[in-house]
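Enquirer: Show me how the following folds:
(2 chains)
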Amino acid sequence: DAKTTQPNSMESNEEEPVHLPCNHSTISGTDYIHWYRQLPSQGPEYVIHGLTSNVNNRMASLAIAEDRKSSTLILHRATLRDAAVYYCILSPSSGNTPLVFGKGTRLSVIA
Amino acid sequence: KAGVTQTPRYLIKTRGQQVTLSCSPISGHRSVSWYQQTPGQGLQFLFEYFSETQRNKGNFPGRFSGRQFSNSRSEMNVSTLELGDSALYLCASSLPPSGGKNEQFFGPGTRLTVL
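Expert: A predicted model of the protein is given here:
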């Protein structure tokens, strides 16, 4: 399975943008990049995914490097409710492969 | 649309007993995956069912089993419980099978404590 590397923890001030990095140097050409987050005492929640182009949705933006060996999840204005563990996951487009969660990045948001 | 529901939310059992956990996927979703989450090992994949057939299985002993019914509801069973089985058990559903670009929707989990 292709692996991802994320910082263990990050801290942000409320209402500031947050850039959460993820390295995936062994990504294959057909792997999708997924981001999930897990708020305290809840199940994981889908955030965003992409293949090659940058993606935006109501929750966040995903910036994918041109060589696809890294990506960045961008929260445009962090709120206290964004404090969670964020997981970056690769998922082969061929399907039939379950999500493999790493340790993720624990994001703390300071008021 | 209702989300993924899991029952019960909390469960306390003793070593040697067995337990059955239930998951109702989002209406129309045919794939159900199960995960175990512990502080030490994080989120680990148990198995996935699609159209009543097991598609994938994680690296867990045979004491862990599951099934899916024709209405896509799923159950997982753990027999001969051990202390190390104490964990949050999460269920996730998706419209087609998981993988690729398909997002999964997770339930709140069942917190199992084995004494």
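Enquirer: quick one: low-confidence parts of the chain?
Expert: Assuming you mean chain A. The model of chain A has pLDDT under 70 over residues A:1-2, A:95.
Enquirer: you looked at the wrong chain, it should be chain B
Expert: Ranges of chain B meeting pLDDT under 70: B:1.
Enquirer: hey, where'd the strands end up in it?
Expert: B:5-7, B:10-13, B:19-24, B:31-38, B:42-50, B:53-57, B:64-68, B:74-78, B:87-94, B:105-106, B:110-114 (DSSP state E).
Enquirer: I'd like those as TSV, with mean neighbour count and distance to chain A appended.
Expert: (C-beta placed from N, C-alpha, C; glycine too.) Listed next are those as TSV, based on neighbours: other C-beta atoms under 10 Å in any protein chain shown; distance: least, C-beta to the nearest C-beta, whole Å:
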stretch	mean neighbour count	distance to chain A
strand B:5-7	16	8
strand B:10-13	13	12
strand B:19-24	19	11
strand B:31-38	23	6
strand B:42-50	22	4
strand B:53-57	14	5
strand B:64-68	19	13
strand B:74-78	21	14
strand B:87-94	24	5
strand B:105-106	20	3
strand B:110-114	18	9
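Enquirer: Columns distance to A:S9 on top of the ones you listed, output as TSV?
Expert: Formatted as TSV, those follow (distance: least, C-beta to C-beta, whole Å):
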stretch	distance to A:S9
strand B:5-7	29
strand B:10-13	28
strand B:19-24	31
strand B:31-38	18
strand B:42-50	15
strand B:53-57	31
strand B:64-68	31
strand B:74-78	32
strand B:87-94	21
strand B:105-106	22
strand B:110-114	24
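Enquirer: give me the element the nearest residue to A:P21 once chain neighbours are set aside is part of.
Expert: Spatial nearest neighbour of A:P21, excluding adjacent residues (C-beta to C-beta, 6 or more residues apart in numbering or on different chains): A:T72 at 5.3 Å. Assessed by DSSP states H and E, A:T72 sits inside strand A:70-75.
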